[in-house]
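Peer 1: structure here, sequence nowhere to be found:
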């Protein structure tokens, strides 16, 4: 089975901290994605990457950056965490959106 | 711009009470449609892919159907373990990403 692994299920961070969320996939997928999910707002795309060292902004990139140094790993970085970044963060990967995504189990981030 | 709308936002059923969830979409050309199930605090899990109008897929108590404008997820004789949020999504042009609906939260009571 394809596996997408997010390093943490729950994180609590302080306002102003730099936060790293890690995602690793084991199926050699070219495309990786970061979404946040909030009640009433659904899934919103933050950034995606279609190749190593390549990235594209999604719908809500402000306050976030990403890194993809290796094909299997896609990191989401909150440069200076704020309380409005408290959310569920979901990583996904695919060879092509034509085939849908495989999601990780999510990271629930709370910024206090 | 592609849009995906799911209804209702929430649905409460009694065990055994069949119903349907709706996913309507406006896209420049149908490129397929995906259904996912999401349990609380977890990532979405793939259920079905539908690629052409008239196509149907079944899995246990779930059946997904597709027309040119919408998809239905029919739930027959649901059980409490079917309680979850159900998401639908369509690929964007060029297949770079998926556009998701906001989901339907289903609660099945014993």
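Peer 2: Looks like it arrived, so ask away. All figures in this text were calculated on a predicted structure; none of them were measured in a lab.
Peer 1: chain B against chain A: which residues are in contact?
Peer 2: Taking Cβ under 8 Å from any Cβ of the partner chain as the measure of proximity, chain B contacts chain A at B:31-32, B:34, B:36, B:41-46, B:49, B:87, B:89, B:91-92, B:95-98, B:100-103. Glycine gets a C-beta too; all of them are placed from N, C-alpha and C.
Peer 1: center of chain A - which residue?
Peer 2: Residue closest to the average C-alpha location in chain A (Cα atoms, centre = their mean): residue A:34, at 2.9 Å.
Peer 1: distance of that residue relative to chain B?
Peer 2: 11 Å (Cβ to the nearest Cβ, to the nearest Å).
Peer 1: OK, contacts around that residue?
Peer 2: A:21, A:23, A:45-48, A:58, A:64, A:66, A:74, A:76, A:89-91 (Cβ atoms under 8 Å, 6 or more residues apart in numbering or on different chains).
Peer 1: apply 7 Å and report the result again.
Peer 2: Residue A:34 makes contact with A:46, A:47, A:66, A:74, A:76, A:89, A:91 under the criterion Cβ atoms under 7 Å, 6 or more residues apart in numbering or on different chains.
Peer 1: what's the answer for residue A:29, then?
Peer 2: Applying Cβ under 7 Å, 6+ apart, we find residue A:29 in contact with A:93, A:94, A:95.
Peer 1: how about the nearest residue to it, chain neighbours excluded?
Peer 2: Spatial nearest neighbour of residue A:29, excluding adjacent residues (Cβ to Cβ, 6 or more residues apart in numbering or on different chains): residue A:93 at 4.0 Å.
Peer 1: tell me how far that neighbour lies from residue A:72.
Peer 2: Taking Cβ to Cβ, to the nearest Å as the measure, residue A:93 falls 9 Å from residue A:72.
Peer 1: okay, and the common contacts of those two?
Peer 2: residue A:25.
Peer 1: please say which of the two ends up with more neighbours.
Peer 2: When neighbours are counted by other Cβ atoms under 10 Å in any protein chain shown, residue A:93 comes out ahead of the other of residue A:93 and residue A:72, with 27 against 17.
Peer 1: enumerate the residues of chain A near chain B.
Peer 2: Proximity of chain A to chain B (Cβ under 7 Å from any Cβ of the partner chain) is limited to residues A:33, A:42-43, A:45, A:48, A:90, A:96-98, A:100-101, A:103-106, A:108.
Peer 1: 10 Å instead?
Peer 2: Within chain A, the residues that sit near chain B (Cβ under 10 Å from any Cβ of the partner chain) are A:2, A:4, A:6, A:9-10, A:31, A:33, A:35, A:37, A:39-45, A:48, A:50, A:56, A:58-59, A:88, A:90-92, A:94-108.
Peer 1: among those, name the buried ones.
Peer 2: Applying 16 or more other Cβ atoms under 10 Å in any protein chain shown to the residues of chain A next to chain B, the neighbour count classes A:4, A:6, A:31, A:33, A:35, A:37, A:42-43, A:45, A:48, A:50, A:58, A:88, A:90-92, A:94, A:97, A:100-107 as buried.
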